[in-house]
Each structure stands twice: as C-alpha cells, then as structure tokens.
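S.K.: Starting from these lines, generate the structure:
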Amino acid sequence: MNAVQKDVIALLRSAVTGVAYPLSADFDLEKVRPYIKQHHILPLVYEGARICGVESSLMMQLFTGYCKALQVSEGQMQELERILRAFEESGIDYMPLKGCRMKYLYPKPELRMMGDADVLIRLEQYDKIIPIMEQLGFTATDETDHELIWKSQNLQLELHKRLVPSQNKDYFAYYGDGWHLAKEHDGHYFRMTREDEWIYELTHFAKHFRDGGIGCRHVLDLWMYHKANPGMDESYVETELETLGLLEFYRNVCRLTRFWFEDGPEDDVVALMSDYIMASGSWGHLEERVRSITVREKKHSAVSFSVKLVYACHLLFPPAKMLRRKYTILQKAPWMLPVVWLIRPFYKVLFECKTLDKRKKEMHALDKKSVEQHHQMLKAMGIDYRF
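M.R.: Numbers count the residues shown, from 1 in each chain. Okay, the predicted model is just below:
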C-alpha cells in the first residue's frame, strides 16, 4: 500500500472509532478524492477527516456530499421499513441481508452507503409479493439468476431468490436457497445465527473478490461485524468455511483486517490483498471480471475458452442490468432488450470508434498469460474456483 492508501484506511478507522489516527506527514485530501468515488466512501472519509481535524478546501464539498448521503440513507431505510411492515402484515417471510444489516453496526447508519437493499424471500410467496410491491409504488425492473429487482424513487430493492448465484457452483452447493439457515426472529422476520451470518458475509465478500474485485468498504464491514459479535463459535465457523473451501482465505482476511484497523503486521499475502482491493474500487474492473469468468469456466468445462472472445461478448452483449441503466427506454419498454442487443454492436462500430480502439488495446492485454497470472494470484490469497 502506498501512503495515500494508508491515509484512506486511517480515515475509515477514525470515522468508525471516533479516534483521530495519524495521517502521513504530507497528507493531501485531494489525493484521497479518487478513492472516495471508486470505493463509495464519501461519508466515511468526511467523518474521518473531521475527527482528524483536516483543513482543506475540499471539506465543504465533502460535507455537502455527506448531507446528501444522509438524506439518501434516511429515504432508503424508511422505504425498507415500509416494505417489511407490509410483508409482516401480509404473512410474507423475509430475511434482510448485507448492507441493510451492516448499516446499523456503524456509529451512524449514513456512514455506510448502500446502493440497494437485499432481502431473502421464499420464491413460492412471490405471487403474493407482487401486488404488495405495486401498491407501495415500486416497479419491477429486472430479474437475474438470484434476484428480483424492484425500484421506487428512494430505493432499489433486490428480493433474493437464493443467497448466492447458481453460477458460483461451489458456494451454491453449500447454500441452496439459504432458507435452511434462517431462524425465526420475530413474526415473519428471519435471521441467521451470528455465526452463519458471519460465514455468509465472508462468502459474499469472497464471491466478489474472486469474480473481479471488491472494495475497502466491504473489508470495513467484515471488521465491524466481527468487532460487534465477540465470542462467536470459532470452531463452527472454521469447520463450515473449510467445507466452503474458504478457510485459508478467511485466515488471510483476518490478518488483513488486523493490519488495516488494528496496527497488525503486514506480510506478503496481506500486501497482495491490500493492493488488489485498493485497485478494485467497489466492484472490481471489467478486465478482472473477464479473467475470473475465464478461470471459472475452465474449471468445469472441457472446452478451451478464449479470454478475448469472452471479453468481446461482454463488450458487445453486456448484462441486461447494465443496459437498463444506460438505456432508460428499457425501463419503460423492457421488451426492447433483444432489439438493443442487436443494434448496439453496429452503433459501437459506427459512432464509437475511439472507444473501440481503447477496447482493442484492452483485449490485447487479455492473453493466456494474464489469465494464468490472475489465477495464480487468487490461489496465493487462498481463494479459487473448486468446481
């Protein structure tokens, strides 16, 4: 990690502990700016800088962003409470997941930005859920392998059909839809035990980590969760993580969080993980995702895949979710998705030549050697595709 990255971690640590941790002698908030956007950590950086007494012309801009994040956070949680109350009244079983659970571990919920809210549902109850969501003013916008996505003005809600996507075959084999881990908590509100929730958070982190990258906000989530739940059954945790093939990775993550947030030692693996995470941004880069997809597919197929072909397919035929964000007409007329897929390659060739030149250079870098290096890096960090 370079000095700026260490300053980012010091600001995060200061924000959640309320203690002013030392910054580098030549600290410059402007140098931190790129990480704020890439990792979606504006409220944390502002709070940490305030606690550390940072003086910078950028502080007012960050304060404005913080106020906006507070407004967004309040709107999200009010909408989620409205939905879960309606589920409860209608006899719908539900289990909140990830960000909407993590937010309340932080000193202030708005410090933990949340792109969407994730809730596990029973798929057999979905016919009852649809009219509830419509009555609450939500619109169905997309369906993925493991999610049913609804949007309102204040919230994107991802109703999970299962805890992990089925294409993550090793993790899906362990979790299935996930309901066998759910414990009735209050009425129709379900939760996992704290050990199983911890294991799930680690699995979710691992899934994104190996599928293309994940950012520092999620490392902080893991540290916050473990700190908030002392005395967990570590023997059970390690046994289950060994079943998942994540025990070595888990131990590396624990060393990573100790280095970042507890002044623990840095070793070669921790340094490698730190560099990978800081370079990833919140959800990694397309090139890394393509390399990861190639590694994964080679694990359970006798067919020899070309990484360049996979990358080209991702560029020309990106996921429907990505297209719906870029082409708003698809939100009103989702039936046009096949038309957009067909037209888009010709549009790229005719009107985005400069972009295509850039993509060609990126494709040139995606050779067998780079894919193998990526695979070896994952294995060095204790994480791999088992099947």
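
S.K.: Could you use CA atoms for every contact and neighbour count after this?
M.R.: Will do.

S.K.: you'd agree Pro230 is in a strand?
M.R.: No. The assignment for Pro230 (DSSP: H, G, I helix; E, B strand; the rest coil) gives coil, which keeps it out of a strand.

S.K.: what's the neighbour count on it?
M.R.: The local packing count at Pro230 equals 9, with neighbours defined by other Cα atoms under 10 Å.

S.K.: Same check on the one 10 residues further on?
M.R.: In terms of burial, Glu240 registers 17 neighbours under the definition other Cα under 10 Å.

S.K.: so which strand or helix has it?
M.R.: Glu240 is part of helix 234-244, with elements assigned from DSSP states H and E.

S.K.: Could you list the buried residues of that helix?
M.R.: With burial defined by 16 or more other Cα atoms under 10 Å, the residues of helix 234-244 counted as buried are 237-238, 240-241, 244.

S.K.: could those go into a markdown table alongside distance to Ile277 and pLDDT?
M.R.: Rendered in a markdown table, the data for these read as follows (distance: Cα to Cα, whole Å; pLDDT from 0 to 100):
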| residue | distance to Ile277 | pLDDT |
| --- | --- | --- |
| Val237 | 24 | 98 |
| Glu238 | 23 | 98 |
| Glu240 | 25 | 98 |
| Leu241 | 21 | 97 |
| Leu244 | 22 | 96 |
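
S.K.: which one of those sits closest to Trp283?
M.R.: Checking the buried residues of helix 234-244 against Trp283 by Cα to Cα gives Leu244 as the nearest, at 22.0 Å.

S.K.: correct me, but that closest one touches Tyr174?
M.R.: Yes. Using Cα atoms under 8 Å, Leu244 and Tyr174 qualify as a contacting pair, with a distance of 6.9 Å.

S.K.: gap between the helix holding Glu240 and the chain center?
M.R.: For helix 234-244, the gap between its own C-alpha mean and the chain's C-alpha mean amounts to 23 Å (Cα atoms, centre = their mean, to the nearest Å).

S.K.: The following helix or strand past it - contacts with which helices or strands?
M.R.: Taking DSSP H and E as the definition, the helix or strand that follows helix 234-244 towards the C-terminus is helix 247-261. With contacts taken as 3 or more Cα pairs under 8 Å, 6 or more residues apart in numbering; DSSP states H and E, helix 247-261 sits against helix 3-17, helix 216-228, helix 234-244, helix 268-280.

S.K.: which one of those has the most crowded surroundings?
M.R.: The highest average neighbour count among the helices and strands packed on helix 247-261, using mean count of other Cα atoms under 10 Å, belongs to helix 3-17 at a mean of 21.

S.K.: how about the CA coordinates for the helix or strand that it is followed by, as CSV?
M.R.: Heading C-terminal from helix 3-17, the first helix or strand you meet, by DSSP H and E, is helix 29-39. Coordinates of the C-alpha atoms in helix 29-39 are reproduced here as CSV (Å, rounded to 0.1, in the frame of the first residue of the first chain):
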residue,chain,number,x,y,z
LEU,A,29,-7.2,15.3,0.9
GLU,A,30,-7.2,16.0,-2.8
LYS,A,31,-5.1,12.8,-3.3
VAL,A,32,-7.8,10.8,-1.5
ARG,A,33,-10.5,12.1,-3.8
PRO,A,34,-10.2,9.3,-6.4
TYR,A,35,-10.7,6.6,-3.7
ILE,A,36,-13.8,8.3,-2.5
LYS,A,37,-15.6,7.8,-5.8
GLN,A,38,-14.1,4.4,-6.6
HIS,A,39,-15.0,2.9,-3.3
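
S.K.: coming back round to it: can you put the helices and strands packed on helix 247-261 in JSON lines and add distance to Gly187?
M.R.: Supplementary listing: the helices and strands packed on helix 247-261 in JSON lines, determined by distance: least, Cα to Cα, whole Å:
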{"stretch": "helix 3-17", "distance to Gly187": "32"}
{"stretch": "helix 216-228", "distance to Gly187": "25"}
{"stretch": "helix 234-244", "distance to Gly187": "27"}
{"stretch": "helix 268-280", "distance to Gly187": "39"}
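
S.K.: Looking at the ones you listed, spot the one closest to Trp260.
M.R.: The closest of those to Trp260 is helix 3-17. By Cα to Cα, the value is 6.5 Å.

S.K.: before we move on, the earlier item: among the buried residues of helix 234-244, which one sits closest to Thr328?
M.R.: Each of those was scored against Thr328 by Cα to Cα, and Leu244 proved nearest at 39.3 Å.

S.K.: Spit out the contact partners of that closest one.
M.R.: Counting by Cα atoms under 8 Å, 6 or more residues apart in numbering, Leu244 makes contact with 170-171, 174.

S.K.: Look up how far Pro318 lies from it.
M.R.: Shown here: Leu244 relative to Pro318, a distance of 30 Å by Cα to Cα, to the nearest Å.

S.K.: Confirm that Tyr171 lies within a helix, as I assumed.
M.R.: Yes. Read with three-state DSSP, Tyr171 is one of the residues of a helix.

S.K.: Cys383: how many residues sit nearby?
M.R.: Cys isn't right for residue 383; it's Ile. Number of residues near Ile383 (other Cα under 10 Å) recorded here: 22.

S.K.: so it, which of the three states?
M.R.: Ile383 is classified as coil under three-state DSSP.

S.K.: Roughly how far does it sit from Glu147?
M.R.: When Ile383 is compared with Glu147 (using Cα to Cα), they lie 25 Å apart.

S.K.: the strands in this protein, which residues?
M.R.: Per DSSP state E, the chain has strands spanning 94-97, 117-121, 139-143, 147-151, 156-160, 183-186, 189-191. These are given in chain order.

S.K.: Would you indicate which residues of the last one are buried?
M.R.: I take that to be strand 189-191. Within strand 189-191, judged by 16+ other Cα under 10 Å, the buried ones are 189-191.

S.K.: mind putting these in TSV, pLDDT and distance to Leu111 included?
M.R.: Shown next, in TSV, are the buried residues of strand 189-191 (pLDDT from 0 to 100; distance: Cα to Cα, whole Å):
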residue	pLDDT	distance to Leu111
Tyr189	96	25
Phe190	97	25
Arg191	96	23
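
S.K.: Please identify which of these is nearest to Ser152.
M.R.: Using Cα to Cα, Tyr189 comes nearest to Ser152 of the buried residues of strand 189-191, at 22.3 Å.
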